[in-house]
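Undergrad: Sharing a sequence plus its predicted fold:
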Amino acid sequence: MPQVRDCYDARIGRMVICIASGKGGTGKTTIATNLAMSLNGKVQLLDCDVEEPNAHLFLKPELNHTERITTPVPEVDLEKCDFCGQCGEICQFSAITVIGKKVLTFPELCHSCKGCMMVCPREAISEKGRELGVLEKGWSGRVEFIHGLLRVGEAMSPPLINQVKAHIDPEKIAIIDAPPGTSCPVIVTLKGSDFAILVTEPTPFGLNDLKLAVGAVRILGIPLGIIINRCDVGDDRVATYAREENIPILMEIPNDRKIAEAYSRGIMMVDVVPEMKDRFQAMYDKIRELL
């Protein structure tokens, strides 16, 4: 039996936990940052909310690496092109089209599938990089920190999210702060996670969006649990829903003025309520048991 336990611990020690929510403002980033700071061992936090990252406001990492992230888009050599139009026919996003003797490209619509390059009979299409944003890395104490910053005006966040996730270290516990909602960026962030924590609040809006998030996570086949934030301000419908759906409630956090004031100043919950650190560690142990 001890031998099995050692093997189990080794397997789950390298875990990817994604913190998500059906809506913004539920406390998702608060949970992600405080969980990362509460765990022992090698931990990294990846902020994949690249449109509006804010985990750094709480962790205050010392950043030591910045890189510009680009995505490939088509570039057409008109001297080679015979204007056959096959590139436009294969593109499902209308990112390239042929009109008479002209080829128009719309880089903002391109999903970088390279289909146009593959079907071009004249090999007239090559690729160039289009800037998406930047990726920054650093450390907050013993926690490794990575986040992406989407370029202002850029609509295509999944490629940048994938670049952030490419830095997941299989030898560490990875905590991922996902974007809010259930749209494409959230799905891209959730994919490949070992466990999803859905943060909600006990209100009608919280329950409605929680149901949407649960549906998305279940489609992906990822084990999940719920954290009810500000648990004493609403009703018990979220708890009833979790019980009916057989979803474990991992933690309930009260509407504590001390925590709210600390949050407004960018101070960690575990720094003002030290006993919360033990609760986050206990929650992580519970997730290990569930897995």
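TA: Looks like it arrived, so ask away. Numbering: from 1, shown residues only.
Undergrad: What are the boundaries of the helices in the stretch 1-150 of the chain?
TA: 2-13, 28-38, 56-59, 86-90, 115-119 (DSSP state H, counting those that start in this stretch).
Undergrad: Check which helices and strands the last one sits against.
TA: Contact partners of helix 115-119 among helices and strands, from 3 or more CB pairs under 8 Å, 6 or more residues apart in numbering; DSSP states H and E: helix 86-90, strand 125-140. Yep, even glycine has a C-beta here, placed from its N, CA and C like the rest.
Undergrad: Any chance you could list what contacts that helix?
TA: Residues external to helix 115-119 that are found in contact with it (CB atoms under 8 Å, 6 or more residues apart in numbering): Pro74, Gln86, Cys87, Gly88, Glu89, Ile90, Cys91, Ala95, Ile96, Ile125, Ser126, Glu127.
Undergrad: Now which of these would you call buried?
TA: Pro74, Gln86, Cys87, Gly88, Cys91, Ala95, Ile96, Ile125 (16 or more other CB atoms under 10 Å).
Undergrad: Make CSV out of these and add distance to Asp278 and pLDDT.
TA: Shown next, in CSV, are the buried ones among the contacts of helix 115-119 (distance: CB to CB, whole Å; pLDDT from 0 to 100):
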residue, distance to Asp278, pLDDT
Pro74, 54, 96
Gln86, 62, 97
Cys87, 59, 97
Gly88, 60, 96
Cys91, 54, 97
Ala95, 52, 96
Ile96, 56, 97
Ile125, 58, 97
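Undergrad: Tell me which two of the residues you listed sit farthest apart.
TA: Taking every pair in the buried ones among the contacts of helix 115-119 and measuring CB to CB, the maximum separation is 14.1 Å, between Gln86 and Ala95.
Undergrad: out of the contacts of helix 115-119, who's nearest Glu62?
TA: The closest of these, once distances to Glu62 are taken by CB to CB, is Glu127, at 35.3 Å.
Undergrad: Test my guess that the closest one contacts Glu75.
TA: Yes. The pair Glu127 and Glu75 qualifies as a contact (CB atoms under 8 Å) at a distance of 6.5 Å.
Undergrad: can the contacts of helix 115-119 go into TSV with extra columns for distance to Val50?
TA: As requested, these are exported to TSV (distance: CB to CB, whole Å):
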residue	distance to Val50
Pro74	24
Gln86	34
Cys87	29
Gly88	30
Glu89	32
Ile90	28
Cys91	25
Ala95	21
Ile96	26
Ile125	28
Ser126	27
Glu127	22
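Undergrad: Out of those residues, which is nearest to Lys114?
TA: With CB to CB as the yardstick, the closest approach to Lys114 among these comes from Glu127, at 7.1 Å.
Undergrad: and the gap between that closest one and Gly234?
TA: 51 Å (CB to CB, to the nearest Å).
Undergrad: residues contacting Ala124?
TA: Residues in contact with Ala124 (CB under 8 Å, 6+ apart) are Val76, Asp77, Leu78, Glu79, Lys80, Cys81, Asp82.
Undergrad: any idea how far Lys165 is from Ala178?
TA: Relative to Ala178, and taking CB to CB, Lys165 is found at 11 Å.
Undergrad: Kindly report the same for Ile99.
TA: If you measure Ile99 against Ala178 using CB to CB, the figure is 40 Å.
Undergrad: where does the stretch 1-150 of the chain dip in pLDDT?
TA: The model of the stretch 1-150 of the chain has pLDDT under 70 over residues 1-13.
Undergrad: quick one: Val152 from Met283, how far?
TA: Relative to Met283, Val152 is positioned 36 Å away (criterion: CB to CB).
Undergrad: Who has more neighbours out of these two?
TA: Using other CB atoms under 10 Å, the more surrounded residue of Val152 and Met283 is Met283, with 18 against 7.
Undergrad: name the element the more buried one belongs to?
TA: helix 275-290 (DSSP states H and E).
Undergrad: so who does Lys172 touch?
TA: Lys172 is in contact with Arg14, Gly41, Lys42, Val43, Gln44, Glu144, counting by CB under 8 Å, 6+ apart.
Undergrad: quick one: the closest residue in space to the third one that isn't next to it in sequence and Thr33, what's the gap?
TA: What it means is Lys42. In space, Lys42 comes closest to Lys172 once its chain neighbours are excluded; the distance is 4.1 Å by CB to CB, 6 or more residues apart in numbering. Lys172 sits 16 Å away from Thr33, taking CB to CB as the criterion.
Undergrad: on that earlier part again, could I get the helices and strands packed on helix 115-119 in JSON lines, plus columns for distance to Pro204?
TA: Output for the helices and strands packed on helix 115-119, formatted as JSON lines (distance: least, CB to CB, whole Å):
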{"stretch": "helix 86-90", "distance to Pro204": "45"}
{"stretch": "strand 125-140", "distance to Pro204": "35"}
